[in-house]
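Chemist: I'd like to go over a predicted model; first the sequence, then the structure.
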Amino acid sequence: MTDDIEPEDLVDAGVVVDALTTAVPLSPVAAGQVVAGAPSTGSVDLDEDMGIGVWEMSPGTMRDTEIDEVFVVIAGSATVEFVTPSLPSIELRPGSIVRLASGMQTVWTVRETLRKVYLA
């Protein structure tokens, strides 16, 4: 990330953002969401108006309630279980593209720190 560019300006026309090296501050997942391990998550909004950002989760397992989102995994590996609605689990790896719908109940098991670029 370029030090002289504010995060909200990172996706301006003609500006390159390296989603693999953009700093993403992590915080521990709330105890009520943790299923196993001690995962941390964080995100950086690259353009709030467009809903574009970078999200990361460290190894561990957590429950989540999703928002409308499309994302592309750029690093790591994980399994996402769909609790509600009941759907088959999916495996995530770099290059995976997934759409989530608002209200979906999921369980994320991250084996290798997962990083995704999202549009929400």
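Modeler: Ah, there it is. Numbering: from 1, shown residues only.
Chemist: show me the shaky parts of this structure.
Modeler: For the chain, residues meeting the criterion pLDDT under 70 lie at 1-10.
Chemist: check contacts around the residue most central in space within it.
Modeler: Geometric centre of the chain, nearest residue: residue 55, 3.4 Å, by CA atoms, centre = their mean. Taking CB atoms under 8 Å, 6 or more residues apart in numbering as the definition of contact, the neighbours of residue 55 are 24, 41, 42, 43, 71, 115, 116, 118. Just so you know, the C-beta spots here come from the backbone N, C-alpha and C atoms, and that holds for glycine as well.
Chemist: and the buried ones among those residues, selectable in PyMOL?
Modeler: Listed next is the PyMOL selection for buried residues among the contacts of residue 55, using 16 or more other CB atoms under 10 Å:
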select buried, resi 24+41+43+71+115+116+118
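Chemist: out of the contacts of residue 55, which one sits closest to residue 108?
Modeler: Of all the contacts of residue 55, residue 108 sits closest to residue 41, with 9.0 Å by CB to CB.
Chemist: next SSE after the helix or strand where the closest one lies?
Modeler: Counting by DSSP states H and E, the element that carries residue 41 is strand 40-47. Elements were assigned by DSSP H and E; along the chain past strand 40-47, the next helix or strand is strand 52-57.
Chemist: run the chain-centre distance for the helix or strand just after that following strand.
Modeler: Scanning forward in sequence from strand 52-57, with DSSP H and E defining helices and strands, the next element found is strand 60-65. Chain-centre distance of strand 60-65: 12 Å, with CA atoms, centre = their mean, to the nearest Å.
Chemist: taking the contacts of residue 55, tell me the two that lie furthest apart.
Modeler: Pairwise across the contacts of residue 55, and taking CB to CB, the largest span is found between 42 and 71, at 14.7 Å.
Chemist: strands along the chain, start to end?
Modeler: Listed in chain order, the strands of the chain (DSSP state E) span 27-28, 34-36, 40-47, 52-57, 60-65, 69-84, 87-92, 97-100, 105-119.
Chemist: out of those strands, nearest to residue 12?
Modeler: strand 40-47 (8.3 Å).
Chemist: tell me the angle of the closest one relative to strand 60-65?
Modeler: The directions of strand 40-47 and strand 60-65 differ by 50 degrees, with axes from the mean of the first three to the mean of the last three CA atoms, to 10 degrees as the criterion.
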